[in-house]
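Trainee: Requesting a structural model of the entry that follows:
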Amino acid sequence: MKKALMFCIGILSTSLILAQDVADAVRYSMDEIQGTARFRAMGGAFGALGGDMSAVNINPAGSAIFNNSHASLSLGFFNKEDDITYFNGVNTSSNTFVDINQIGATFVFSNTNPDSPWKKFTISGAFDRVADFDDDWVASGINPNTSIVEYFHINAQGLRLDEISALPGETISQAYSEIGAIYGFRNQQAFLGFEGFIIDPVEDTDDNTEYIRNINGTNFNQRFAYASRGYNGKMAFNFATNYDDKFYFGLNLNAHFIDFERTTFFDESNSNSSGVTDVSFDNNLRTTGSGFSFQLGGIAKLTEEFRVGLSYSSPTWYRISEETSQFLSTTRIENGSSVNQIVNPNVTNIFPDYRLQTPGKITGSLAYVFARKGLLSFDYSVKDYSNARFRPTSDVFFSSLNNDINTALTSAVAYRFGGEYRFKQLSFRGGYRFEESPYQDDTFFGDLTGYSLGLGYNFGNINLDVAFSQSERDINYQFYNVGLTDSALIQSRFTDVILSLGFRI
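Mentor: All right, here's what the predicted structure looks like:
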């Protein structure tokens, strides 16, 4: 039967193969611009200010504030500390890395016609990290009720035995690959459970669709290790202009890049005297993608001191590629002896590309500048995460997933405050930011709050800035989307130190 269906692979929906979920839409929709030290020190509240390379990513009109051509380079020290609670287990983790997180330049061209109200225009290019995916943590504890068997059992129920098992003479690799190509991700998971003796058919016939569990009882000792690497980057190509030194307009054309790798290791043991006593289940995911978005923005000087800004960030249209691999090993008691079973397909699933549209965002901004003494600024942004869409929407699986996104996600508000006080060549800065959870249930993925401090020194043609920022967010991380759906509570604290060098060019 499987052999006969091979010709259908080319027209089968990608939904038969992939297993995206709401968390994927959120991961690639978040925009945590790390930015320059000045930008970070003031909480990122630059929508009405401009005059900073990272401000261009908030409001593209900001580059027209520069009076001279300018370039900047930023180096960041980033630390993430987690406290992880899972039933009776408590673990901690700390991840630290150093990287260049921002680089950019603006070129200012003044209008030589003194009678024209268009005073100048600017052309800019800037790269910023939008998000970092580097993370490592471990959750462990005794689950009193739910075993990993539920994951394999739920995936198997209702599927024919001949659609989750190897044909005579097929190797594990051949069967796993062929089942995935024809029937999809769910059948592959059932195949792993069947070959690992975690589940058994009620009847040993091809048309059997009911399965029994080979893990029973309570108090399952579980350990889940998570490791990820990668980043989401954004390259902005900017054009902006200044009208009569009162109004500033800008446009960004943005190229986006995703590089994400994740590995999870799950281990479970129990004290059963029969059936499966130990399970190890490893999953690897590699995601790469590229996308496009645009931004429009304006800044108005209502007075010499008071400025307002407004910007629109379009959705980002991504094309994403994914590949996965899996490994399973089990230990079972059979005739009074322990038997080890290894199910290692040694297969990398390379899937057809799919598309993701992230939500757009609107930002309104206010700023008050105290001549050369300092300034205060405020940004208010709204992004409706429920507008995220997997495409094509005509696909049955993606249509269902988009309905889940509508139900699970909501509109999220973010606001940022920033201030700066200047004393001669020295600047003192501070900021605060708050970002609502994109989820309807914010106990699942909490709000983010943070504060920042910074110093800057102006040497004339060179600026040297440093910023310290810290923020916190709590999430409940669900191990699997079906069966074993218990969550680990992760209380995260993010600490950044950024050093920036800016200079006239």
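
Trainee: Which parts of the protein are helices?
Mentor: 2-5, 22-27, 37-41, 149-156, 172-182, 185-195, 396-408 (DSSP state H).

Trainee: State the distance from the closest residue to Ala61 other than its chain neighbours to Ile299.
Mentor: Nearest residue to Ala61 in three dimensions, chain neighbours excluded: Gly250, at 3.7 Å (CB to CB, 6 or more residues apart in numbering). C-betas here are computed from N, CA, C, even on glycine. With distances taken as CB to CB, to the nearest Å, Gly250 is found 8 Å from Ile299.

Trainee: Common neighbours of these two, please.
Mentor: Shared contacts of Gly250 and Ile299 (CB atoms under 8 Å, 6 or more residues apart in numbering): Asn59, Ala61, Gly62, Ala64.

Trainee: Run a quick check on Lys361 versus Ser313, I expect a contact.
Mentor: Yes: using CB atoms under 8 Å, Lys361 is in contact with Ser313, at 4.3 Å.

Trainee: quick one: contacts for the residue nearest to Ala61?
Mentor: Gly250 neighbours (CB under 8 Å, 6+ apart): 56, 59-64, 238-241, 295-298.

Trainee: any low-confidence regions in the stretch 101-250 of the chain?
Mentor: By pLDDT under 70, the stretch 101-250 of the chain contains no weakly predicted segment.

Trainee: Gly51 versus Asn344, what's the distance?
Mentor: Counting by CB to CB - Asn344 and Gly51 are separated by 57 Å.

Trainee: and what of Gly502?
Mentor: Distance of Gly502 to Gly51, given as CB to CB: 10 Å.

Trainee: now the shared contacts of Gly250 and Ile299 in JSON lines, with distance to Gln189?
Mentor: Formatted as JSON lines, the shared contacts of Gly250 and Ile299 follow (distance: CB to CB, whole Å):
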{"residue": "Asn59", "distance to Gln189": "46"}
{"residue": "Ala61", "distance to Gln189": "50"}
{"residue": "Gly62", "distance to Gln189": "49"}
{"residue": "Ala64", "distance to Gln189": "54"}
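
Trainee: Quick check: the farthest pair among the residues you listed?
Mentor: Greatest spacing in the shared contacts of Gly250 and Ile299, by CB to CB: Asn59 and Ala64 (10.1 Å).

Trainee: any residues in contact with both of the two?
Mentor: Gly50, Gly250, Ile299.

Trainee: tell me which of these is nearest to Glu435?
Mentor: Nearest member of the shared contacts of Asn59 and Ala64 to Glu435, counting by CB to CB, is Gly50, at 22.0 Å.

Trainee: With Lys120 as the reference, measure out to the closest one.
Mentor: 13 Å.

Trainee: which of those two has more neighbours?
Mentor: A side-by-side neighbour count of Gly50 and Lys120, using other CB atoms under 10 Å, places Gly50 first with 28 against 17.

Trainee: what residues are up against the more buried one?
Mentor: Each residue near Gly50 by CB under 8 Å, 6+ apart is listed here: Val56, Asn59, Ala61, Gly62, Ser63, Ala64, Ile65, Phe66, Tyr248, Ile299.

Trainee: any idea how far it is from Thr92?
Mentor: The value you get for Gly50 to Thr92, if CB to CB is used, is 41 Å.

Trainee: lowest average confidence, helix or strand, in the protein?
Mentor: Least confident helix or strand of the chain, by mean pLDDT, DSSP states H and E, is helix 2-5 with a mean of 34.

Trainee: so Arg473 sits right up against Asp447, yeah?
Mentor: Yes: counting by CB under 8 Å, Arg473 touches Asp447, with 7.1 Å between them.

Trainee: burial count for Ala190?
Mentor: Residues contacting Ala190 under the criterion other CB under 10 Å number 29.

Trainee: Show the contacting residues for Ile462.
Mentor: So Ile462 contacts Leu501, Gly502, Phe503, Arg504 (CB under 8 Å, 6+ apart).

Trainee: hang on, the first one packs against Asn463?
Mentor: Translated: Leu501. Yes: when contacts are counted by CB under 8 Å, Leu501 is listed as touching Asn463 (7.4 Å).

Trainee: the more surrounded of those two?
Mentor: Taking neighbours as other CB under 10 Å, Leu501 and Asn463 compare with Asn463 leading, 21 against 15.

Trainee: Please report the distance of that one from Ala175.
Mentor: Asn463 sits 62 Å away from Ala175, going by CB to CB.

Trainee: who touches both of Leu501 and Asn463?
Mentor: Ser72.

Trainee: Neighbours of the spatially closest residue to Tyr480 that is not a sequence neighbour, how many?
Mentor: Counting by CB to CB, 6+ apart, Tyr480 lies nearest to Tyr151, which is 5.1 Å off, once chain neighbours are set aside. Using other CB under 10 Å, Tyr151 has 25 neighbouring residues.

Trainee: Likewise for Gly309?
Mentor: 26.

Trainee: quick one: contacts for it?
Mentor: Gly309 neighbours (CB under 8 Å, 6+ apart): 47-49, 59, 61-62, 297-300, 363-367.

Trainee: looking at those residues, which has the most residues close by?
Mentor: Ala48 (34 neighbours).

Trainee: What are the boundaries of the strands in the stretch 351-500 of the chain?
Mentor: For the stretch 351-500 of the chain, strands defined by DSSP state E, counting those that start in this stretch occupy the ranges 354-357, 361-370, 374-384, 389-391, 411-423, 426-435, 448-458, 462-478, 487-504.
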